[in-house]
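1. sequence first, then the predicted structure:
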Protein chains: 2
Amino acid sequence: MSKIITIGRQFGSGGRELGKRLAEAMGIGYFDREVISEIARKSGLAETYVNNFVEKRAGYYPITIGRTFYAPMTLQMDTEVYRAQTAAIRELAGRGDCVIIGRCADYILEDMHPVNLFVFSDMESRIARCRRKAPSDEHLTDNELRKKILAVDKSRAKYYEFYTGQTWGKMQHYHLCINTAGREIKALTPAVRAFVEA
Amino acid sequence: MSKIITIGRQFGSGGRELGKRLAEAMGIGYFDREVISEIARKSGLAETYVNNFVEKRAGYYPITIGRTFYAPMTLQMDTEVYRAQTAAIRELAGRGDCVIIGRCADYILEDMHPVNLFVFSDMESRIARCRRKAPSDEHLTDNELRKKILAVDKSRAKYYEFYTGQTWGKMQHYHLCINTAGREIKALTPAVRAFVEA
């Protein structure tokens, strides 16, 4: 039986690290930024544009559509990107067992019966994690980090809801929801693997 | 380090079976109905009354308080039961590692840092499970079973919220939320154990 694992995750919760470790432990593919490159290839658009779309902007149309031609044009391009994203994710998943991070993969691959995980944590742990992972020239206060974390999550939620019509991070959509607060991702990986392979 | 495991669970999701199997695999105590007996002993009230309180009635006062003296008397007795429940659960947990099912144990034992699990499933699987576990003289239709399941969950949610002020089944309160839909509880147990022991 094929094992496609999708991971939704709150920003700073360690979902990406868990995905990487899981893929490594199981000896299967891992797709994260790789999805962006694949979308860019398929759509013929620049990676920067695709990345901006996937990470930041989608789902904001009701606010940004104005009287100019700019917004509808953007909407059309973004729809194109989402279509390319769907195709890219289906193609990557079609190659065999893998872990795919974010990007509505749980919804896009529903008919392939993926195991859908959601990784979350409390704000304190997420701030601490972001601080550990931050580039050395980033000097944000706790309050700035908190704002950044909430903004990224809001953007992910909007993106997910815009394209799936479902609520991002709603327990019922997932097979396993993992709280990483105060835990080592490395130590949790075997348990998650055992769940996926059970 | 002590391992106290609390399990909140949707009715029909197999949370009780998971708890039993987990306790058995780990060789630790398992408290479910035992809590009721302990409360009855501590409060001097009949087990039937205690059970009725814990399983069915708590949190319904705003509806039942009327002009008679009956309701305030009940409220007083129920507060007594809840106090006895708190004492009983703390005493049982104090004896050593164990699994405790429901009864606000996650909240009551917060200072003992329990591992809090929540077990849930989709309605179809829960109906199927209830049917398998039902006494042979129970003949409910799917619709009747669905109503029963929703009623029990509503009661659990009200009970939990009345005494803890928190939302029952809200992902953020738990360390691991496990969807049992289409899965064998027996097969999932080692993964949950690995998570608890990680």
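-> Structure received.

2. please make it C-alpha for all contacts and neighbour counts, starting now.
-> Will do.

3. after the worst-scoring helix or strand of chain A on mean pLDDT, next one along is what?
-> Lowest on mean pLDDT, DSSP states H and E among the helices and strands of chain A sits helix A:61-64, with a mean of 41. Using DSSP states H and E, the next helix or strand after helix A:61-64 towards the C-terminus is helix A:70-94.

4. next secondary structure after that following helix?
-> Downstream of helix A:70-94, the first helix or strand assigned by DSSP H and E is strand A:98-101.

5. quick one: list the elements packing against the next helix or strand after that next one.
-> Downstream of strand A:98-101, the next assigned helix or strand under DSSP H and E is helix A:105-108. Counting contacts by 3 or more Cα pairs under 8 Å, 6 or more residues apart in numbering or on different chains; DSSP states H and E, the secondary-structure elements packed against helix A:105-108 are strand A:4-9, helix A:70-94.

6. who touches helix A:105-108?
-> Helix A:105-108 has contacts (Cα atoms under 8 Å, 6 or more residues apart in numbering or on different chains) with A:6, A:7, A:86, A:89, A:90, A:114, A:116, A:164.

7. now, which of those sits nearest chain B?
-> If you rank the contacts of helix A:105-108 by distance to chain B using Cα to the nearest Cα, residue A:116 comes first, at 10.2 Å.

8. ok, what's across the strand from that closest one?
-> residue A:6 (DSSP bridges).

9. contacting residues for it?
-> Each residue near residue A:116 by Cα under 8 Å, 6+ apart is listed here: A:5, A:6, A:7, A:8, A:106, A:173, A:174, A:175, A:176.

10. wait, the second one touches residue A:113, no?
-> Read that as residue A:6. No: counting by Cα atoms under 8 Å, residue A:6 does not reach residue A:113; the two are 10.2 Å apart.

11. higher neighbour count, those two?
-> residue A:6 (25 against 13; other Cα atoms under 10 Å in any protein chain shown).

12. OK, contacts around that one?
-> Per Cα under 8 Å, 6+ apart, neighbours of residue A:6: A:99, A:100, A:101, A:102, A:105, A:106, A:114, A:115, A:116, A:117.

13. so which bits of chain A are right by chain B?
-> Proximity of chain A to chain B is confined to A:120-122, A:171-172, A:174-180, A:187-188, A:190-195, A:198 under the rule Cα under 8 Å from any Cα of the partner chain.

14. which among the residues you listed count as buried?
-> A:120-122, A:171-172, A:174-180, A:188, A:190-195 (16 or more other Cα atoms under 10 Å in any protein chain shown).

15. retrieve the pLDDT associated with residue A:75.
-> Confidence at residue A:75, expressed as pLDDT, is 66.

16. try residue A:32
-> Model confidence at residue A:32, given as pLDDT, is 90.

17. pull the contacting residues for the closest residue to it other than its chain neighbours.
-> Leaving aside its chain neighbours, residue A:32 sits nearest to residue A:101 (5.2 Å; criterion: Cα to Cα, 6 or more residues apart in numbering or on different chains). Contacts for residue A:101 (Cα under 8 Å, 6+ apart) come out as A:6, A:7, A:8, A:16, A:19, A:31, A:32.

18. and the fourth one, how many residues sit next to it?
-> Read it as residue A:16. By the measure other Cα under 10 Å, the count of residues near residue A:16 is 23.

19. for the second one, same thing?
-> By the criterion of other Cα under 10 Å, residue A:7 has 24 neighbours.

20. wait, it sits on residue A:119?
-> Yes: counting by Cα under 8 Å, residue A:119 is a contact partner of residue A:7 at 7.2 Å.

21. so what sits against both of those two?
-> Common contacts of residue A:7 and residue A:119 (Cα under 8 Å, 6+ apart): residue A:15.

22. tell me the buried residues in stretch A:121-133?
-> Applying a neighbour-count criterion of 16+ other Cα under 10 Å, one finds A:121, A:122, A:123, A:125, A:126, A:127, A:129, A:130, A:131 buried in stretch A:121-133.

23. what is the nearest of the residues you listed to residue A:143?
-> Lowest distance from residue A:143 to the buried residues of stretch A:121-133 (Cα to Cα) belongs to residue A:127, with 9.1 Å.

24. so residue A:84 is in contact with residue A:36, correct?
-> No: when contacts are counted by Cα under 8 Å, residue A:84 is not listed as touching residue A:36 (9.7 Å).

25. okay, the two: which has more neighbours?
-> Each of residue A:84 and residue A:36 has its neighbours counted (other Cα under 10 Å); residue A:36 has more, 27 against 22.

26. next up, the contacts around that one.
-> Residues near residue A:36 by Cα under 8 Å, 6+ apart: A:47, A:50, A:51, A:85.
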